[in-house]
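Novice: dropping the sequence and predicted coords here.
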2 protein chains.
Amino acid sequence: MDEKTKSNQASASPSLQERPTLKTIAFMTGLGITTVSRALKDAPDIGAETKERVRLVAKQVGYQPNRAGVRLRTGKTNVISLVLSLEEEVMGLTSPIVVGISEVLASTPYHLVITPYRFSKDALAPVRYVLDTGAADGVIISRTEPKDPRVALMMERNFPFATHGRTDMGLIHPYHDFDNEGFAYEAVRRLAELGRKRIVLLQPPPHLTFHRHMRKGFDQGIRDFGVEAVAFGAVDLDNSLTEIRAAFETLMRSDDAPDGIVSGSGAGSIALIAGLEAVGKKLTQHVDMVSKVPSDFLSWLRPEVITMNEDIRHAGRELAKAVIGRIAGLPAEELQSLSRAI
Amino acid sequence: MDEKTKSNQASASPSLQERPTLKTIAFMTGLGITTVSRALKDAPDIGAETKERVRLVAKQVGYQPNRAGVRLRTGKTNVISLVLSLEEEVMGLTSPIVVGISEVLASTPYHLVITPYRFSKDALAPVRYVLDTGAADGVIISRTEPKDPRVALMMERNFPFATHGRTDMGLIHPYHDFDNEGFAYEAVRRLAELGRKRIVLLQPPPHLTFHRHMRKGFDQGIRDFGVEAVAFGAVDLDNSLTEIRAAFETLMRSDDAPDGIVSGSGAGSIALIAGLEAVGKKLTQHVDMVSKVPSDFLSWLRPEVITMNEDIRHAGRELAKAVIGRIAGLPAEELQSLSRAI
DNA sequence: CAAGCAAACTGTATCGTTACAGATTTTTGA
DNA sequence: TCAAAAATCTGTAACGATACAGTTTGCTTG
């Protein structure tokens, strides 16, 4: 009788073999489940000594909150979703970004979930999925466009996210971006310093935001350093390596052949070099090249290429910090960062 | 009164604005929540016409089961955990494996969660975490060792998993592996055919299983093709590129210099080539090299290297299929696969 | 025509957690 | 001294799904 009156909440003694729950701790401490729950969140209406006791027992039994329970009750998933195109990246930018994100999430309760999509036109689908199903507390996207519908959608729903790359819609949101404008400007400067006069740019596809940035820096460099820009048709970084090489070979054989190259990606540079060498020209001798690279493999095999390193892992870290900050309610203005080549 | 008697389960009419639940469908069809639940799983005790009706409405309102609800009630997480070392892979093998896994999971209810660990000695920690918290229904691990404690632990707990690489403990479990023995044997054969006599192997670190395989194929090739093996000290694929280059430079300057190289990874090959060229030797002229590569970038920059491609993306697909198969209860014997160079 | 049975459907309890509205005891204040 | 206030603690309900143990209805069947 007395027993029954005493504690109705944690009635059945929980098996100490199973994974401990609040009930386990409640049973062990003789407290109510609610009290234990509130003690563990350091609520103000729980006594200091009680909190200490609960914390001790919780630690002792290795209590970890059941994610499904929390998620069902509160809607909080403790998940960050990284939205990835299954097509992008021959050269694997995904690895370092995943590592960077993971590094930051490791010291938080967040898990990293990969949410893939298949074709560029479906880019909105994974974002919609996360929003509709509440699959995550925050989202990280890349391949950002100036008028990015994903950004518009998430802003409209007031959903926390961060973008790898900026937008241009007059919307303020968390992002991390590489200073592609600075890169391209500096690249042209270096080539001009080497006496190169006719510069070509292997640029990102026009629909992505960083196309503009890289183009802007490039064009400014062309003007400031008194050199000439050579057009590279419709070929961009999203073309296959084979296509890039073929196009560049054609360009090099034409009257319009450049003597300086700015390449927006390490993978693209490989194709350019192949095209260059196919027509019998040599780096540093006939042509100089500045390439943005995600790792130093290019320097190992072609030290003649001037490389500027984009630290993708750092980008991952910044992006993770940005989403988490947004989830925590920090203003978007404070969650924007730009990094320069290292 | 009548109304109240009629339906107690789905009493309050669910807001049609919110995400639909079983309750929503129950309300719309006038059925009980239980009936709807069972109808959607095609249970035998529900009438055919009812099932049809429920399915129609469910589709109409875009019903998707709440993962937290399912997980809490059944313990099923619908999550596959990919356990990753944050240190491995300068050259990003992670990207293609993630893509491969995602491709397979896309047509299933499974989500892919990245579970990282920091140092090699902590390799057991993430697995323990998943097991203890029930964070996933299945696990994929790599960097497999002959006596792998992670494998032992998961087998003991009867937990579904698949390994990238085999073990040697007399335990039968799902795996996918590259035929490193075949690769090394074939590599030696090719070098011997080119007239090379003194072959060195840049091999995986000795504690990983595929060290044995690669070593075995290499040694067999050495015997079968009547060539000589040159020792490469304690340097292996886990050393930094700088260390590999330095060691190889030393080796090339010694009396013991090889004229043929078998390299177990694309990244390692880069360092070897740098070391080689630092002593003024040339590929195909003084030395020939066969390298295992994850992508074709090496062929672009050094076509002189004979490459054998390991399709990591395919490995990802196979691993995903294997874990899912294991979860579905298929016997481990049927979930083992080996792939050769392409 | 009543008992038996199959078919079709439903209510209750539960998973682990937390919001909320008390309940109980102690302290304060006049 | 006694009511009000503060300090602690607790039970109930709910999140969405499903296992389980019914209930209802309509037919057989002897």
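Specialist: Happy to help now that I have it.
Novice: name the residues of the stretch 51-200 of chain A found near chain B, please.
Specialist: A:62, A:64, A:66-69, A:71-72, A:77, A:84, A:86, A:89-96, A:98-99, A:102-103, A:106, A:111-116, A:118, A:132-135 (C-beta under 8 Å from any C-beta of the partner chain). For glycine as for every other residue, the C-beta is placed from the backbone atoms N, C-alpha and C.
Novice: any regions of chain A where pLDDT drops low?
Specialist: A:1-17, A:88-91 (pLDDT under 70).
Novice: what ranges does it have for its helices?
Specialist: Ranges of helices within chain A are A:2-6, A:22-29, A:33-40, A:48-61, A:67-74, A:94-105, A:124-133, A:149-156, A:180-193, A:209-224, A:241-253, A:266-278, A:297-301, A:312-327, based on DSSP state H.
Novice: could I get those helices in JSON lines, plus columns for mean neighbour count and distance to DNA strand D?
Specialist: What follows is the helices of chain A, written out as JSON lines (neighbours: other C-beta atoms under 10 Å in any protein chain shown; distance: least, C-beta to the nearest atom of the strand, whole Å):
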{"stretch": "helix A:2-6", "mean neighbour count": "7", "distance to DNA strand D": "7"}
{"stretch": "helix A:22-29", "mean neighbour count": "22", "distance to DNA strand D": "8"}
{"stretch": "helix A:33-40", "mean neighbour count": "20", "distance to DNA strand D": "3"}
{"stretch": "helix A:48-61", "mean neighbour count": "15", "distance to DNA strand D": "3"}
{"stretch": "helix A:67-74", "mean neighbour count": "16", "distance to DNA strand D": "4"}
{"stretch": "helix A:94-105", "mean neighbour count": "24", "distance to DNA strand D": "25"}
{"stretch": "helix A:124-133", "mean neighbour count": "17", "distance to DNA strand D": "10"}
{"stretch": "helix A:149-156", "mean neighbour count": "17", "distance to DNA strand D": "21"}
{"stretch": "helix A:180-193", "mean neighbour count": "22", "distance to DNA strand D": "43"}
{"stretch": "helix A:209-224", "mean neighbour count": "19", "distance to DNA strand D": "37"}
{"stretch": "helix A:241-253", "mean neighbour count": "19", "distance to DNA strand D": "46"}
{"stretch": "helix A:266-278", "mean neighbour count": "24", "distance to DNA strand D": "43"}
{"stretch": "helix A:297-301", "mean neighbour count": "22", "distance to DNA strand D": "48"}
{"stretch": "helix A:312-327", "mean neighbour count": "23", "distance to DNA strand D": "20"}
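Novice: tabulate those (TSV), appending distance to DNA strand C.
Specialist: Shown next, in TSV, are those (distance: least, C-beta to the nearest atom of the strand, whole Å):
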stretch	distance to DNA strand C
helix A:2-6	9
helix A:22-29	4
helix A:33-40	4
helix A:48-61	10
helix A:67-74	3
helix A:94-105	19
helix A:124-133	18
helix A:149-156	24
helix A:180-193	43
helix A:209-224	38
helix A:241-253	50
helix A:266-278	45
helix A:297-301	46
helix A:312-327	15
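Novice: and the ones you listed: which comes nearest residue B:53?
Specialist: Of all the helices of chain A, helix A:124-133 sits nearest to residue B:53, with 23.5 Å by C-beta to C-beta.
Novice: got the angle for that closest one vs helix B:67-74?
Specialist: 60 degrees (axes from the mean of the first three to the mean of the last three C-alpha atoms, to 10 degrees).
Novice: coming back round to it: include distance to residue B:261 when you put the helices of chain A into CSV, please.
Specialist: Listed next are the helices of chain A as CSV, based on distance: least, C-beta to C-beta, whole Å:
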stretch, distance to residue B:261
helix A:2-6, 76
helix A:22-29, 59
helix A:33-40, 58
helix A:48-61, 54
helix A:67-74, 49
helix A:94-105, 26
helix A:124-133, 43
helix A:149-156, 47
helix A:180-193, 35
helix A:209-224, 39
helix A:241-253, 25
helix A:266-278, 22
helix A:297-301, 15
helix A:312-327, 30
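Novice: now do the contacts for the closest residue to DNA strand C within the stretch 151-300 of chain A.
Specialist: In the stretch 151-300 of chain A, the residue that lies nearest DNA strand C is residue A:160 (18.0 Å; C-beta to the nearest atom of the strand). Residue A:160 makes contact with A:137-139, A:154, A:323, A:326-327 under the criterion C-beta atoms under 8 Å, 6 or more residues apart in numbering or on different chains.
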